[in-house]
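A.B. asks: The sequence and its predicted three-dimensional model are supplied below.
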Amino acid sequence: MENTIKNRIIKMKIVLSAALVMIIVLFLVLNLVTPDRTVSERENRELAQLPKITLSSVLDGSYFHSLDSYISDQFVFRDYWISLKSTAEIWQGRKEISNIYLGSSDYLLAKPELPNHQAVKQTITSINTFVKNHKKNKVSVMIVPNASQILKDQLPDFAAVHNQLKDINDIKNQLKGINYLDAASILQKHKKEDIYYHTDHHWTTDGAYDVYQGVSKQLGLNNSKDHYKRYLVSDSFEGTLASQSGVHTTKDKIYVYVNSSKYQYYVNYPDQNKKSASCFEVEALKKSDQYQVFFGGNHPLVEIRTTNHNGKNLMVFKDSYANSFIPFMISHYEKIIMVDPRYYYDNLSSAIKDYGINEYLFLYSANTLVKDTVLKDVLNS
């Protein structure tokens, strides 16, 4: 009897070992025959490719680091495993995945970035110097907090969230001679509305519109003649937070506002040698990052010219939060030049002179500004 039980245990171990080996071989074969992907639509990012082996990369270890990234990114059924992992963590009661809070009402809320104090100091100094050198022109600054600061009611219980509003206030208090646009206070008043996406780190078009309405007077804009129609252009948007966390429990809607202004405009993208009669890129709605419907995403420089020949020429230093905000301002200016310092390498002084700029706006999300290291370089060029 005892020998029979032992034999059965041995046979079971053999079967399990053989099954494990077969599974390993199966996945090895699948990984070898499955073509490499360049982009993960689910994660909304480029995937690592097979690195080239060189003596120097082997010696300094960079080859093995790149190879590890390649194997991880190209592993067969990667998207499925990520979703399975996220689901398992949710079942375990996890309230945070990949620095993203799993909030109520299907909200995914990114943790605020901690400030790089040296970088912030340099940015503030550069802006103050820029304001001093352009003291004849209005310079406005808007710093937009992320959703975790405004939608605190949606956060998990006992979530320890860094006070980003204090960071914003500290920066504001150190800036001199600027027209500060308090986006945070306006967003607080509208926090019961859909002012941030559930699956993405950006504010929604509704949130951007609320802030535009709230700061128009400070910008010297008469919005009494604004007549916007609101159109739903997507109900299937899954943004960066869904991609990073692997949590796909809901989808967002994207709206665009179209102004029936008498003024016409066109948008010029010098980096693409392309012009468009609209600031909305409908083709972007077919991509994974549907937020690119606004200006087709980020560019080094975007030039907007209108038929409103009022001599008001605005330059905007920005990150992607500005992309859904600037469309509300178009009819009020003759020219709007958007500069994204992360990609801009030309001489700024020459651009200011060529476009006849006489007004400036710094429009950033707080998450970008507190870690930015490139704005100072552009302002000093």
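C.D. replies: That came in fine, so what should we check first?
A.B. asks: Could you report the pLDDT at residue 377?
C.D. replies: Residue 377 carries a pLDDT value of 95.
A.B. asks: swap in residue 54?
C.D. replies: Reading off the confidence values, residue 54 has pLDDT 79.
A.B. asks: again with residue 93
C.D. replies: pLDDT, residue 93: 52.
A.B. asks: ok, now residue 65?
C.D. replies: Looking at residue 65, its pLDDT stands at 68.
A.B. asks: most residues in a single strand of the chain, which one?
C.D. replies: strand 228-237 (DSSP state E).
A.B. asks: So for that one, what gets flagged as buried?
C.D. replies: Buried residues in strand 228-237, defined by neighbour count with 16 or more other CB atoms under 10 Å: 228, 233-234, 237. The C-beta positions use only the backbone N, C-alpha and C, and glycine is treated the same way.
A.B. asks: Tell me the strands beside that strand, with direction?
C.D. replies: strand 252-259 (antiparallel) (DSSP bridges).
A.B. asks: Give me the buried stretch members for the partner strand, please.
C.D. replies: For strand 252-259, a neighbour-count test (16+ other CB under 10 Å) marks 252-254, 256-257, 259 as buried.
A.B. asks: what's the farthest-apart pair in those?
C.D. replies: Farthest pair in the buried residues of strand 252-259 (CB to CB) is 252 and 259. Separation: 23.1 Å.
A.B. asks: ok, for residue 248, nearest residue in space, not its chain neighbours?
C.D. replies: residue 242 (5.5 Å; CB to CB, 6 or more residues apart in numbering).
A.B. asks: which one among the buried residues of strand 228-237 gets closest to residue 301?
C.D. replies: The nearest member of the buried residues of strand 228-237 to residue 301, counting by CB to CB, is residue 233 at 25.4 Å.
A.B. asks: quick one, what contacts the closest one?
C.D. replies: Counting by CB atoms under 8 Å, 6 or more residues apart in numbering, residue 233 touches 254-256, 280, 282, 285, 293.
A.B. asks: Put the alpha carbons of the host helix or strand of residue 211 into CSV.
C.D. replies: Here residue 211, judged by DSSP states H and E, is contained in helix 205-215. This file holds the C-alpha atoms of helix 205-215, laid out as CSV (Å, rounded to 0.1, in the frame of the first residue of the first chain):
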residue,chain,number,x,y,z
THR,A,205,-12.3,70.0,-22.2
ASP,A,206,-15.1,71.0,-19.8
GLY,A,207,-12.4,71.6,-17.1
ALA,A,208,-10.4,73.7,-19.5
TYR,A,209,-13.5,75.7,-20.5
ASP,A,210,-14.5,76.4,-16.9
VAL,A,211,-11.0,77.8,-16.3
TYR,A,212,-11.1,79.8,-19.5
GLN,A,213,-14.3,81.4,-18.5
GLY,A,214,-12.9,82.2,-15.0
VAL,A,215,-9.6,83.8,-16.3
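A.B. asks: Which residues outside it are in contact with it?
C.D. replies: 142, 144, 181-183, 186-187, 189-190, 193-196, 203, 223, 228, 254-257, 321, 324-325, 328-329.
A.B. asks: so of those residues, which ones are in helices?
C.D. replies: Members of these lying in helices (criterion: DSSP state H): 183, 186-187, 189.
A.B. asks: Drop anything exposed from these.
C.D. replies: 183, 186-187.
A.B. asks: can I get those in JSON lines with distance to residue 375 and pLDDT?
C.D. replies: JSON lines is the format used below for those (distance: CB to CB, whole Å; pLDDT from 0 to 100):
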{"residue": "183", "distance to residue 375": "18", "pLDDT": "98"}
{"residue": "186", "distance to residue 375": "24", "pLDDT": "98"}
{"residue": "187", "distance to residue 375": "23", "pLDDT": "98"}
